[in-house]
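# Fold the following, please.
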Amino acid sequence: MHLSSSQTRALSDVTRLLAGATDGDMLREQLALPMLDLLHADTYVSMVWNDVIERFERFTALNISAERLSSWDRHFRFIDPLTFPMMARRRPTVATQILRQHELSRTEFFNDFLQRDRMHWGINVYFYDKDVCVGDFRIWRQRERGNFESDEVEVLRLVEPAIAAALARLHWERSAAPAPAATERAEALLQRQARLSHREAEVAWLVSCGCPDKQIARRLNVTYPTVRFHVANAFRKLQADNRAALAARVHALLDAHRRCTGAAVSDSSPVITA
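Okay, here's the model as predicted:
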């Protein structure tokens, strides 16, 4: 795979933005221009799937108006023949892999939505954290540029894992990270009742909240092997064989304390993950 000088610069910009990202929505917005440069494309749209309401939200885009995106949400999503089949593939997918271009060109979606903004050739990628879709890229070219080719799909596959990891981390921090006060109380209780060290208590609490080990390392400013060392100690002290069992033991201790004292140990509803 050969990258042009403009693609190399775009890839460098993507890497820099991922390294410094602190907000998922801002990251998706900032990635618009470098992704268009990387794929020699014209239009960029990114959304986040909300599994609770079963609807896309938090739209950001380049070279398409907010009104056009609103029209997709109001009407065209119901007749869009591409989005959900591409989402189900869970890998970078060219639109013509779902529907041949001559078939797509006969649809209302193509003629009344895509063509009005000269979106002719498309490629989508949906970023997953396990079974949670934490964001997507919908990238389109004008007709004269030609369809996306295998090398360009490979470019998207190259950056996909790093983007997915960044969006997953930022999604967790936005939606599942426990409140500081709840964290302080939980860690203190784990130190007293489970005889965990301060660091073991920090790690055990974050594991119980669904935080991946690499993200724990980032949050606590320690190395990944250090996190694994403390996780192993917490397993032993709490007599747990895996992360789900550890989370269950942590929550059992917190629930028992709350029943005995009537105090709210946690202000959040942590997610137990296997």
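
# ranges for the helices of the stretch 1-150 of the chain?
For the stretch 1-150 of the chain, applying DSSP state H, counting those that start in this stretch gives helices covering 5-20, 24-30, 32-39, 66-74, 83-89, 95-98, 101-104, 108-109, 150-175.

# Pull out the buried positions in the third one.
Put plainly, it is helix 32-39. For helix 32-39, the neighbour count (16 or more other Cβ atoms under 10 Å) marks A32, P34, M35, L36, D37, L38, L39 as buried. (Each C-beta comes from the backbone N, C-alpha and C, glycine too.)

# Which other helices and strands does it contact?
helix 5-20, strand 43-50, strand 55-62, strand 132-141, helix 150-175 (3 or more Cβ pairs under 8 Å, 6 or more residues apart in numbering; DSSP states H and E).

# Please identify the buried residues of the first one?
When you say that, I think you mean helix 5-20. Q7, A10, L11, D13, V14, L17, L18.

# mind putting these in CSV, distance to E108 and pLDDT included?
Below are the buried residues of helix 5-20 laid out as CSV (distance: Cβ to Cβ, whole Å; pLDDT from 0 to 100):
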residue, distance to E108, pLDDT
Q7, 35, 94
A10, 34, 96
L11, 37, 96
D13, 37, 97
V14, 35, 96
L17, 36, 96
L18, 37, 95
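
# quick one: which two of those are the most distant?
For these, the maximum inter-member distance is 16.4 Å, found between Q7 and L18 (Cβ to Cβ).

# And Q142, how far from L114?
11 Å (Cβ to Cβ, to the nearest Å).

# Equivalent analysis for M26, please.
On the measure of Cβ to Cβ, M26 and L114 end up 27 Å apart.

# A204 against Q191, yeah?
No - proximity of A204 to Q191 does not meet the contact threshold set by Cβ atoms under 8 Å, at 9.9 Å.

# Looking at those two, which is more packed in?
Ranked by neighbour count (other Cβ atoms under 10 Å), A204 and Q191 place A204 first, with 29 against 16.

# Identify the residues contacting D23.
L170, R174 (Cβ atoms under 8 Å, 6 or more residues apart in numbering).

# and the gap between it and G122?
Taking Cβ to Cβ, one finds D23 at 27 Å from G122.

# cool, and L253?
51 Å.

# quick one: which of the two has more around it?
Comparing L253 with G122 by other Cβ under 10 Å, the one with more neighbours is G122, at 23 against 20.

# Grab the nearest non-local neighbour of D25.
Nearest residue to D25 in three dimensions, chain neighbours excluded: R58, at 5.6 Å (Cβ to Cβ, 6 or more residues apart in numbering).

# if I look at the nearest residue to G146 once chain neighbours are set aside, how far off is L17?
Using Cβ to Cβ, 6+ apart and skipping residues adjacent in sequence, the residue nearest G146 is W121, 6.9 Å away. For W121, the distance to L17 equals 25 Å [Cβ to Cβ].

# So what's the residue count around the residue nearest to D25?
14.

# and it, what does it touch?
D25, M47, V48.

# pLDDT below threshold where in this protein?
Within the chain, the ranges that satisfy pLDDT under 70 run 176, 262-274.

# tell me the domain boundaries of it?
Per automatic domain parsing, the domain ranges recorded for the chain read 5-175, 180-261.

# circling back: wait, isn't the residue nearest to G146 in contact with E149?
No - at 10.2 Å, W121 does not count as touching E149 under the criterion of Cβ under 8 Å.

# and these two? which has more neighbours close in?
W121 (22 against 9).

# who does that one bridge with?
R141 (DSSP bridges).

# any chance of the helices and strands packed on helix 32-39 in TSV, plus distance to H257?
Below are the helices and strands packed on helix 32-39 laid out as TSV (distance: least, Cβ to Cβ, whole Å):
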stretch	distance to H257
helix 5-20	39
strand 43-50	34
strand 55-62	37
strand 132-141	30
helix 150-175	25
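
# Ok, which of those comes nearest A181?
Comparing these under Cβ to Cβ, the one sitting nearest is helix 150-175, at 16.7 Å.
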